[in-house]
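Novice: predicted coordinates and the sequence they were generated for:
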Amino acid sequence: MLLLEVEHLELSFAGLQVLRELSFDVEKGTIASLIGPNGAGKTSVFNCLTGFYRPDSGRITFNGRSILRRKPHRITRAGMARTFQNLRLFKSMTVLENVMSGMHCRTSAGPIGAVFKTGSQRREEELINLVSEECLAFVGLLESKDRRASNLPYGDQRRVEWARALATKPKLLLLDEPAAGLNHDEKQELIALILRIRDELGITILLIEHDMGLVMKVSEKITVIDYGAKIAEGTAEEVQNNPRVIEAYLGSEDEELL
Amino acid sequence: MITTSAREKTGWLGWLQSQRNRMIVLMVLAAVAMVIPLVANNYMLEVLTNAWFYTVLCLGLNIVVGYAGLLDLGYAAFFAVGAYTTGILTSQFGVNFWLTIPVAVACSMLAGLIIGGPTLRLRSDYLAIVTLGFGEIVRIIARNLEITGGASGLIGIDRPSFFGIELSRGIHFYYVFLLLAILACFVSYRLQHSRLGRAWQYVREDEDAAEAMGIGRVAVKLYAYVIGAMFGGVAGCFFAVKMTAISPETFTFTQSVLILLGVVLGGMGKIPGVVIGAFALVLFPEVFRGLGSMRMLIFGIVMLIIMLYRPEGIWPQSKS
């Protein structure tokens, strides 16, 4: 079953065509990747999917429903969570408070509940705490829960972002360059974590990545884009041997001759 | 020298971290606030009443500015809406004061929606200008309508009675505003430590990330405006009956700035800080009355110094 289906997506900024006729899909329960050279439009795809950009035309179907032109928070509520390429934590808040933000869309207490501390509000707060701690434990950061987010090392801050995204109880998790800035050991942990999220939590994953080694190791399906258009699609092996992909990444021989 | 004073500071702050110690401090402060009227003269009572009144206003604005991070330069408008609603209903329609409170709350909440709705897409400086304009519009409307008494305002607003006692003496209003201030602290505290309070903080820190986490920024900001406006509205109701007369000149831009000053001075988003800020605002000019016309100048300089050396406000930051 297709969890995400993108059809003929077009996006432009002030006459500059960013995405052209882009179509791809993500099968439920798989780990898929979107790769491409710098400036190919990968993050723009994420921003269209999560509602931060409004595509000019095209269709995005998530879990059987169109999510085109929906507000970002509604899309998250529908079950699509994301992480950011450059960390976007709530810096002055604690790690736990950061993760609690993910549960916001799964709870509903308002100001009246807050002021009178009604029974349902208290139960909800307990649930938010419980789920947030579970998510932190899952990424291995439970012991840091009361620390200020900005005081954690870079690699740990990434994991806080992951826990925060997991707390929204997503069906699909979008990871924007999760390996950026990580060292070799951290990358190995990352691969294990990605696999655990899919295998243990049953969450489908779509990632954008520069690190080819990581992409080849975890992805079941890879979509390659260049200048906003799809140039190849398939398994790691298929994509690796595709001449157009090699050309996009390494430049064509003709260019070199010039 | 510097290091020891810093350590002392973390020392008493550390002591305050414990729930029990905090309750003790609060009980002592509440007890002091309760018995002060027995020893204070009329002048002191009046000043302290005013301080509690500003505490309510500052805590209300703190929800908008401190919690949600939305700069509001027209907060006096909400206070005006509350005061005028009560003033008009009691003096011109003879409505019982207590019945005007829910109407005033509804009106100020509506005013919060009116200012909040169209401005939600704006960020910091643009928002500041629009709220400033809104504050002026409300004041100018009050000045030009017949029902609000025009430039001379409303006079002869009836004093309310409470179980047969007419609230007319200074001591009555001292307790009224003390009670309102305690209520404002309590509501602020509960809101701050709730799902909504956290949402305000998320939106303040990073709007896009908050939105990506499934938090609707529009709804969250509107809540801040509406609840902040409610505080101002309630304070306005009681202000009207305490003064028995209100005029548009009470609700000027300077008034809005003064309230904002209390919030920033004490420490945005921190309840004890905002209370201290409100007191500093009211007490300083009174304590230094002896300096005559120089006192506002010195007040300004002191504030400048505080802001230069403690940009986060008087009350210290708790998280490390």
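Specialist: Happy to help now that I have it.
Novice: what parts of the stretch 101-250 of chain A come near chain B?
Specialist: Taking Cβ under 8 Å from any Cβ of the partner chain as the measure of proximity, the stretch 101-250 of chain A contacts chain B at A:101-102, A:104-107, A:109-111, A:113-115, A:117, A:121, A:124-125, A:128, A:148, A:164-165, A:168. C-betas here are computed from N, CA, C, even on glycine.
Novice: out of these, which are buried?
Specialist: A:101-102, A:104-107, A:109, A:111, A:113-115, A:121, A:124-125, A:128, A:148, A:164-165, A:168 (16 or more other Cβ atoms under 10 Å in any protein chain shown).
Novice: who's in contact with the residue of chain B found nearest chain A?
Specialist: Of all residues in chain B, residue B:214 sits closest to chain A, with a separation of 2.8 Å (Cβ to the nearest Cβ). Residues in contact with residue B:214 (Cβ atoms under 8 Å, 6 or more residues apart in numbering or on different chains) are A:73, A:76-77, A:102, A:104-106, A:168.
Novice: how about residue A:242?
Specialist: With contacts defined as Cβ under 8 Å, 6+ apart, the neighbours of residue A:242 are A:224, A:231-232, A:234.
Novice: and of those residues, the nearest to chain B?
Specialist: Closest approach between those and chain B, by Cβ to the nearest Cβ: residue A:224, at 25.6 Å.
Novice: contacts for the strand or helix carrying the closest one, please.
Specialist: According to DSSP states H and E, residue A:224 maps onto strand A:221-226. With contacts defined as Cβ under 8 Å, 6+ apart, strand A:221-226 is touched by A:22, A:24, A:26-27, A:30, A:32-37, A:40-42, A:45, A:215, A:230-236, A:239, A:242, A:244-245, A:248.
Novice: and chain B, which residues reach chain A?
Specialist: For chain B, the residues in contact with chain A under the definition Cβ under 8 Å from any Cβ are B:186-187, B:190-191, B:193-199, B:201-202, B:205-206, B:208-217, B:223, B:227, B:319-320.
Novice: can you pull out the helices in chain A?
Specialist: Taking DSSP state H, the helices of chain A run over residues A:42-49, A:72-78, A:95-100, A:111-116, A:119-139, A:154-166, A:184-201, A:212-218, A:236-240, A:243-250, A:253-257.
Novice: residue B:271 is nearest to which of those helices?
Specialist: Taking Cβ to Cβ as the measure, the helices of chain A were each checked against residue B:271, and helix A:111-116 came out nearest at 14.2 Å.
Novice: looking at the stretch 151-258 of chain A, which residue is nearest chain B?
Specialist: Using Cβ to the nearest Cβ, residue A:168 is the residue of the stretch 151-258 of chain A that sits closest to chain B, at 5.5 Å.
Novice: list the ones among the contacts of residue A:242 that fall in strands.
Specialist: Those of these mapping onto strands are A:224, A:231-232, A:234, per DSSP state E.
Novice: can you turn the buried subset of those residues into a selection I can paste into ChimeraX?
Specialist: Only the buried entries of the ones in strands among the contacts of residue A:242 go into this ChimeraX selection, using 16+ other Cβ under 10 Å:
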select /A:224,231,232
